[in-house]
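**Student:** Need coordinates for the following:
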Amino acid sequence: MKKLFDFCRKKGVVPSWKTYFIDAMSAMALGLFASLLMSTILDTLADFIFKNETADFLHTIAGYASGASGMAIGCAVAGALKAPPLVLASCAVVGSIGYSLPTLFTIGGAEKTLTAGPAGAFFAVLFACEMGKLVCKSTKVDILVTPSVTLLAGYGISALLCPGISFVMYYLGQFINYATDMQPILMGIIISVVVGIILTLPISSAAICAMIGITGIAGGAAAAGCCAQMVGFAVISYRENKFGGLVAQGLGTSMLQMGNICRNPRIWIPSILASAITGPLATTVFKLKCTGVSAGMGTCGLVGPIGIFSASGSGAMTIIGVILICVVFPAILSLLFSEILRKIGWIKAGDMKLEM
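**Tutor:** The predicted model follows:
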């Protein structure tokens, strides 16, 4: 057994929660950003800003970007697992297989073809990449063996897992979206808080939202929670981090505060409370909608607001809602709650200082 472990370690196959569900999932979000998310942004620009030939040009690029989502995820995840070049190239194909392998279900008396999407690509590439790494450079015909093993392993695990993943993700997304429509206040609070917390944790909220297939006002609540975390931390830590911290957290990620949260979890309270308020406001008052990966991005590169405009249109109520829910309310509410906690001594000067 020791020889097996030593062999795996020599090949770079060292399973761990951090490697598979933090590093790899974070990389998966980058793959989604470069493909599916950029497709959404380009389509939105084409629909609301540009016209005629420019709009057609952007729609064309968006179509290619969307179609390459599985391959982008495959390359990103394999890169995070430090795959050799031949394995990484093969994982692009595996990502496409896991993403788009069709499964036929009978739902509501009608036949429906489902795919596992980002979740299928993620798990297929995890398995195939590790198998490919084990055989890579072990034979004199590596150019044939390594891609063959990687592709066969990827297709095999996709055929085994993707039907179940498709089924679970479809009904989980349906349940969340339906429950939010039925109970917009309660579900608005739950989704906003939970997805916002995931955004700040070293896990990809964008990847999780894309896996579930969150849509409609449930997606709007998720976007509100993510914006509350990022804008909230950016504002309440301004006295420690100044303008650089404001931009890094407000347009980058609130994950930068994770080390400080571990030292003093109470600094997380203001943004969590803010998300608990903005989530139900998004679902009930403004009825903001957002879809998939955009819902889990918050104000990172303004992707969340762009996703809301893409799903909800650009009416006056949507514009007002985006400004208030994504920026104004998170800033005011988080600052209010943080000042209260500073008064009672739960938050002290320097607690949110970033090493920049």
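**Student:** what's the nearest residue to the residue nearest in space to the middle of the chain if we skip its chain neighbours?
**Tutor:** Nearest to the mean C-alpha position of the chain, by C-alpha atoms, centre = their mean, lies A206 at 1.1 Å. Nearest residue to A206, sequence neighbours excluded (C-beta to C-beta, 6 or more residues apart in numbering): G296, at 3.7 Å. Glycine gets a C-beta too; all of them are placed from N, C-alpha and C.
**Student:** residues near that neighbour, how many?
**Tutor:** The number of residues packed near G296 is 33, by other C-beta atoms under 10 Å.
**Student:** Apart from its neighbours in sequence, what residue is nearest F337?
**Tutor:** Of all residues not flanking F337 in the chain, P270 sits nearest, at 3.7 Å (C-beta to C-beta, 6+ apart).
**Student:** ok, and for the helix or strand harbouring the one you found, which residues are buried?
**Tutor:** Following DSSP states H and E, one finds P270 within helix 269-284. Buried positions in helix 269-284, judged by neighbour count with 16 or more other C-beta atoms under 10 Å: 269-283.
**Student:** can you check stretch 133-141 too?
**Tutor:** For stretch 133-141, burial by neighbour count (16+ other C-beta under 10 Å) applies to K133, L134, V135, C136.
**Student:** of the residues you listed, closest to V145?
**Tutor:** Lowest distance from V145 to the buried residues of stretch 133-141 (C-beta to C-beta) belongs to V135, with 5.7 Å.
**Student:** what separates the closest one from A228, distance-wise?
**Tutor:** Relative to A228, V135 is positioned 47 Å away (C-beta to C-beta, to the nearest Å).
**Student:** what pLDDT, on average, does the one helix or strand I157 maps to get?
**Tutor:** Applying DSSP H and E as the criterion places I157 in helix 142-182. Helix 142-182 carries an average pLDDT of 92.
**Student:** can you pull the contacts of L86?
**Tutor:** G132, C136, D142, I143, T146, P147 (C-beta atoms under 8 Å, 6 or more residues apart in numbering).
**Student:** picking up where we left off before, can you pick out the ones from the buried residues of stretch 133-141 that are in helices?
**Tutor:** Taking DSSP state H, the ones among these that sit in helices are K133, L134, V135.
**Student:** Determine the angle, from 0 to 180 degrees, between the next helix-or-strand element following the helix holding I157 and helix 142-182.
**Tutor:** As assigned by DSSP H and E, the chain's next helix or strand after helix 142-182 is helix 184-200. With axes from the mean of the first three to the mean of the last three C-alpha atoms, to 10 degrees applied, the angle from helix 184-200 to helix 142-182 works out at 150 degrees.
**Student:** Helix 184-200: what's the following helix or strand?
**Tutor:** Helix 184-200 is succeeded, C-terminally, by helix 205-212 (DSSP H and E).
**Student:** Next, the buried residues of that next one.
**Tutor:** S205, A206, A207, I208, C209, A210, M211, I212.
**Student:** got JSON lines for those, with pLDDT and distance to L81 too?
**Tutor:** JSON lines is the format used below for the buried residues of helix 205-212 (pLDDT from 0 to 100; distance: C-beta to C-beta, whole Å):
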{"residue": "S205", "pLDDT": "82", "distance to L81": "21"}
{"residue": "A206", "pLDDT": "79", "distance to L81": "19"}
{"residue": "A207", "pLDDT": "77", "distance to L81": "15"}
{"residue": "I208", "pLDDT": "83", "distance to L81": "19"}
{"residue": "C209", "pLDDT": "86", "distance to L81": "23"}
{"residue": "A210", "pLDDT": "81", "distance to L81": "19"}
{"residue": "M211", "pLDDT": "80", "distance to L81": "18"}
{"residue": "I212", "pLDDT": "82", "distance to L81": "23"}
